[in-house]
Each structure stands twice: as structure tokens, then as C-alpha cells.
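Participant: can you look at this prediction? I've put the sequence above it.
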Amino acid sequence: MANKVYVGNLSYETTDDELRELFKECGNVASIRIITDAYTGKSRGFAFIEMETSEEAKSAISTLNGRELNGKVIKVDEARENRNRDRGPHQNYRKY
């Protein structure tokens, strides 16, 4: 198992600091990345958290999955490898 976990069903107001505080119960947090909308910059309601070791990641999944955070029950699971997805005909266009 890798050290990276997926966290879903986050409140749009959840911050990096709140996630770090919650996940440090299970070990050392190496990095946090809340996924945001490219156009608005607002949270999309999920994040990826990298723990220092795979054991800490396993602990986070078993301990925190189903826990309430900011009024929502979060889903914590092993992060899956990013697959190439077809984003449609505009996938190569950038916002300038």
C-alpha cells in the first residue's frame, strides 16, 4: 500500500489545517492537497493526504473513515493511481 489516501465528502470550507489536525492522530502528515476548481478556486469537496509511512496511511483509513468533520461524514480510502481520462474536445485548452 502507498502512503497516499483519498478523503472525500469534505465540507467546502474545510482547510488544510483542519485536515492536518485530524490526520495527525494517525501519524505524521507529509502533505495535504485539497482539490479545487480550476475556474473558481473553490474546493471540490475532496483531498489527497500523504502520510509518512504506509502503516500510518492504513491507520488513517481504518480510524478516520466515517468520522464527522465540519458537519459531514468523510470517506477515507487508499488513493488510486491517476488514470488518463478523456476530458472531451477541450482538454488541451487553457484558461488565460
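Facilitator: Perfect, I can see it now. Numbering: from 1, shown residues only.
Participant: for stretch 15-27, give the mean pLDDT please.
Facilitator: Stretch 15-27 carries an average pLDDT of 97.
Participant: need the contact partners of it.
Facilitator: Identification of contacts with stretch 15-27 by CB atoms under 8 Å, 6 or more residues apart in numbering yields 7, 29, 32, 34, 47, 49, 51-53, 55-56, 59-60, 63-64, 67, 69-70. Heads up, the C-betas are built off the backbone N, CA and C, glycines and all.
Participant: same check, this time on stretch 28-37
Facilitator: Contacts with stretch 28-37, where a contact means CB under 8 Å, 6+ apart, come from 3, 10, 14-16, 19-20, 23, 42-44, 46-53, 56.
Participant: let me know how buried Ile49 is, in neighbour terms.
Facilitator: Ile49: 26 surrounding residues under other CB atoms under 10 Å.
Participant: Asn65 contacts Lys75, doesn't it?
Facilitator: Yes. Between Asn65 and Lys75 a contact is recorded at 6.3 Å, counting by CB atoms under 8 Å.
Participant: so Ile49: helix, strand or coil?
Facilitator: Judged by DSSP: H, G, I helix; E, B strand; the rest coil, the three-state class of Ile49 is strand.
Participant: what residues are up against it?
Facilitator: Counted by CB under 8 Å, 6+ apart, Ile49 has contacts 4-5, 7, 19, 23, 29, 31-33, 60.
Participant: which of the contacts of stretch 15-27 count as buried?
Facilitator: The neighbour count (16 or more other CB atoms under 10 Å) marks 7, 29, 32, 34, 47, 49, 51, 56, 59-60, 64, 69 as buried among these.
Participant: sec struct for Glu81, please.
Facilitator: coil.
Participant: may I have the phi/psi pair for it?
Facilitator: phi -60, psi 140 (degrees, to the nearest 10).
Participant: distance of it relative to Asp16?
Facilitator: Distance, Glu81 to Asp16, using CB to CB, to the nearest Å: 23 Å.
Participant: of the two, who's got more company?
Facilitator: A direct count of neighbours by other CB under 10 Å for Glu81 and Asp16 places Asp16 higher, at 14 against 6.
Participant: tell me how far that one lies from Ile49.
Facilitator: When CB to CB is the yardstick, Asp16 and Ile49 sit 10 Å from each other.
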